[in-house]
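Asker: Need coordinates for the below:
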Amino acid sequence: MRKGYHIDLSDLHAQCEANYHRLMRLFPAYEQESRCVFETGEVSVVLEVTARDRYTTDMRLLYQGVLSDFGTNSYFDLRLYHDAGMAEVVHCSTSRRFEARYRYPNPDMLQRDEKFQQNRFAAELMEFCLNNGRSVEAVLPEPDQPSP
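Answerer: Numbers count the residues shown, from 1 in each chain. Below you'll find the model as predicted:
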């Protein structure tokens, strides 16, 4: 008898925890600012806060350039759970809201572990920014202006 697909919840949670920590390193001022932009070569990645609540923050991770084979404005919607220290992809511009698992085959040809794969792709994009990206915002004051 063939075994069905089972969600590996510990792997998914580990991925979501790592994504939360990546986001905190990329955008530590998310509580005060609404937008953070990274660029490297022809690739641009924008982190934008779309909603703030007591225990959660919603962000959009927009990627443009060479990576955006899915269209000019490809993005992930992420939900950060501050009490749990997790961030998960809740929506992707190339598909609808994710289910925990899918029957295979299905009309949209989504993989059984589509949710995990989208979270992993978001992680790879964030790692790319951490390793290669430069923030577009000025970090140091202009030479003509005194430091605070």
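Asker: Make sure residue 130 is actually in contact with residue 22.
Answerer: Yes - counting by C-beta atoms under 8 Å, a contact exists between residue 130 and residue 22, whose distance comes to 6.6 Å. C-betas here are computed from N, CA, C, even on glycine.
Asker: Where does residue 62 sit: helix, strand or coil?
Answerer: Using DSSP: H, G, I helix; E, B strand; the rest coil, the three-state assignment for residue 62 comes out as strand.
Asker: so what's it up against?
Answerer: Contacts were defined as C-beta atoms under 8 Å, 6 or more residues apart in numbering; by that measure residue 62 touches 45-46, 48, 73-75.
Asker: mind listing the strands for the chain?
Answerer: Secondary structure of the chain (DSSP state E): strands at 35-40, 43-52, 56-64, 74-81, 86-92, 134-135.
Asker: Quickly, which of the ones you listed bottoms out on average pLDDT?
Answerer: Averaging pLDDT over each of the strands of the chain singles out strand 134-135 as the lowest, with a mean of 78.
Asker: So in that sheet, which strands flank that strand, and in what orientation?
Answerer: Based on DSSP bridges, the strands next to strand 134-135 in the sheet, each with its direction, are strand 35-40 (antiparallel).
Asker: now the angle between strand 56-64 and the partner strand, please.
Answerer: Between strand 35-40 and strand 56-64, the angle comes out at 30 degrees (axes from the mean of the first three to the mean of the last three C-alpha atoms, to 10 degrees).
Asker: What segments of this structure are helices?
Answerer: Listed in chain order, the helices found in the chain under DSSP state H are 9-26, 114-132.
Asker: looking at these, which is buried most?
Answerer: Mean neighbour count, computed with mean count of other C-beta atoms under 10 Å, is highest for helix 114-132 among the helices of the chain, reaching a mean of 18.
Asker: Against which helices or strands is that one packed?
Answerer: Based on contacts counted as 3 or more C-beta pairs under 8 Å, 6 or more residues apart in numbering; DSSP states H and E, the elements that helix 114-132 packs against are helix 9-26, strand 35-40, strand 43-52, strand 56-64, strand 74-81, strand 86-92.
Asker: Direction-wise, compare the longest one with strand 56-64 and give the angle.
Answerer: Orientation note: helix 9-26 sits at an angle of 80 degrees relative to strand 56-64 (the same axes, to 10 degrees).
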